[in-house]
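# curious how this folds, go ahead:
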Amino acid sequence: MIRFFILFILIQLVLFTIELMQPVQSYAIIPFTEGIAAVSAWLVQLFDDQVLSQGIVLRDLESGFAVAIQAGCNGVEAMIVLVAAMVAFPSPWRHKLIGIAIGFIAIQALNLVRIISLFYIGQWNKTAFDWAHLYIWQALIMLDVLIVFLLWLRMLPPHPATPPAPTAELDHARVA
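Down below sits the predicted model:
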């Protein structure tokens, strides 16, 4: 358990450091976030054609209201926590990679719901937007990470049973 916890912290430290590097931000994180904004706009446009995305911004053309998907709102940090937990846990790499892929889908799907709901809550009430953004959705995204990790743990194959070490009684019984 201590090994898992130390690895979990170290992997997060490395991944968060990499994420904050300017080249990673410029070539991976910002384009990824722009993609999330575009997918969010596409989903909303299925029933509201007055919405478009510009870079990381999701904007309502009629009201002018917009939300910018900033760091912490793109699901990357939640994925880092999940990846760190799965990589730190002793399991076969095949299972880790499957868990990470499924976790990515689960986190990003919920994050799209988050972004779209905040987009509409913000048009309705600024106080409700702030409360939902800072408290409700932060907790729900991390709860999603925890649930994905716990479900992944349940799906892991059982560890092979290690045979018990021979005791002095067993050794003495074999001699007699």
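# for residue 65, phi and psi?
phi -70, psi 140 (degrees, to the nearest 10).
# quick one: contacts for it?
59, 119, 122-123 (C-beta atoms under 8 Å, 6 or more residues apart in numbering). The way it works is simple: take the backbone N, C-alpha and C, and place the C-beta from them, glycine included.
# now those residues as JSON lines including pLDDT, distance to residue 84 and secondary structure?
Output for the contacts of residue 65, formatted as JSON lines (pLDDT from 0 to 100; distance: C-beta to C-beta, whole Å; DSSP: H, G, I helix; E, B strand; the rest coil):
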{"residue": "59", "pLDDT": "94", "distance to residue 84": "34", "secondary structure": "strand"}
{"residue": "119", "pLDDT": "94", "distance to residue 84": "30", "secondary structure": "helix"}
{"residue": "122", "pLDDT": "93", "distance to residue 84": "31", "secondary structure": "helix"}
{"residue": "123", "pLDDT": "92", "distance to residue 84": "36", "secondary structure": "helix"}
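# out of the residues you listed, which is most surrounded?
In terms of neighbours by other C-beta atoms under 10 Å, the contacts of residue 65 top out with residue 119 at 22 neighbours.
# am I right that that residue is in contact with residue 67?
Yes. Applying C-beta atoms under 8 Å as the test, residue 119 and residue 67 come out as touching, 5.3 Å apart.
# residue 72 in helix, strand or coil?
Three-state assignment for residue 72 (DSSP: H, G, I helix; E, B strand; the rest coil): coil.
# can you check the pLDDT for it?
What the model reports as pLDDT for residue 72 is 85.
# got it, and the one 10 residues further on?
According to the prediction, residue 82 has pLDDT 98.
# report how many residues lie close to it.
Neighbour tally, residue 82, other C-beta under 10 Å: 25.
# kindly report the same for residue 25.
Counted with other C-beta under 10 Å, residue 25 comes out at 14.
# separation between the residue nearest to it when sequence neighbours are not counted and residue 26?
Leaving out its chain neighbours, the residue that sits closest to residue 25 by C-beta to C-beta, 6 or more residues apart in numbering is residue 19, at 7.6 Å. Separation of residue 19 from residue 26 (C-beta to C-beta, to the nearest Å) stands at 12 Å.
# and for residue 104?
Distance, residue 104 to residue 26, using C-beta to C-beta: 21 Å.
# what's the answer for residue 121, then?
31 Å.
# still on that earlier bit, ok, residue 104 and residue 26, which is more surrounded?
Taking neighbours as other C-beta under 10 Å, residue 104 and residue 26 compare with residue 104 leading, 16 against 10.
# is it true that the more buried one touches residue 76?
No. With contacts counted by C-beta under 8 Å, residue 104 stays clear of residue 76, the gap being 10.3 Å.
# joint contacts of residue 119 and residue 67?
residue 58.
# quick one: neighbours of residue 108, just the number.
The tally of other residues near residue 108 (other C-beta under 10 Å) stands at 19.
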